[in-house]
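Engineer: Have a look; sequence and predicted model below, questions after that.
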Amino acid sequence: MIEWKGFAQGVQYRTPLNKLLELAVQKQSNKVLYDTRKLSAISLDDQNWVTQDWFARSIEAGIKYSAAVIPIKVIAKSSLNRMVSGLEVSNPSEDFDNIDEAIQWLSAIK
């Protein structure tokens, strides 16, 4: 699980995402939960980094299922939507209004 607590850019944004990949490999985990409720805008550079670099590495790390708790801020929702629209996602992914629903969905996947 990765929990965003506000605005992050560059290294502050990328480090937790890279650490998530390290942990996925180390723990042999194929599920991830993104708690983006408190996320703020995502810079265009970081959006491009996710779509052009990080996302492919997440697949290589074995992440197959992802659940996201949607952000409260409209600007964060817009940033995420713009970023996700640039991805070719074939693995199951769901968005949720609350964290309990997201955890329940991920837990049901065997």
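Structural biologist: Nice, I can see it.
Engineer: Can you show me the helices along this protein?
Structural biologist: Per DSSP state H, the chain carries helices over the ranges 11-27, 44-49, 55-60, 74-85, 99-108.
Engineer: Find the nearest non-adjacent residue to the spatially most central residue of the chain, please.
Structural biologist: What sits nearest the mean C-alpha location of the chain, by CA atoms, centre = their mean, is Tyr34, with 4.7 Å. Leaving out its chain neighbours, the residue that sits closest to Tyr34 by CB to CB, 6 or more residues apart in numbering is Ala68, at 4.3 Å. C-beta here means a position set from N, CA and C on the backbone, and glycine is covered the same way.
Engineer: How about the contacts made by the one you found?
Structural biologist: Leu33, Tyr34, Asp35, Thr36, Leu80, Ser93, Glu94, Asp95, Phe96, Ala102 (CB atoms under 8 Å, 6 or more residues apart in numbering).
Engineer: Quick one: neighbours of the residue lying closest to the first one once chain neighbours are set aside, just the number.
Structural biologist: It refers to Leu33. Nearest in space to Leu33, with sequence neighbours left out and distances taken as CB to CB, 6+ apart, is Met1 at 4.2 Å. Met1 is flanked by 15 other residues according to other CB atoms under 10 Å.
Engineer: per-residue pLDDT, the residue nearest to the centre of the chain?
Structural biologist: On the pLDDT scale, Tyr34 is placed at 94.
Engineer: where in the chain is pLDDT low?
Structural biologist: 86, 89-90 (pLDDT under 70).
Engineer: can you do 90?
Structural biologist: Applying pLDDT under 90 to the chain flags the ranges 1, 4, 6-8, 39-42, 72-93, 110.
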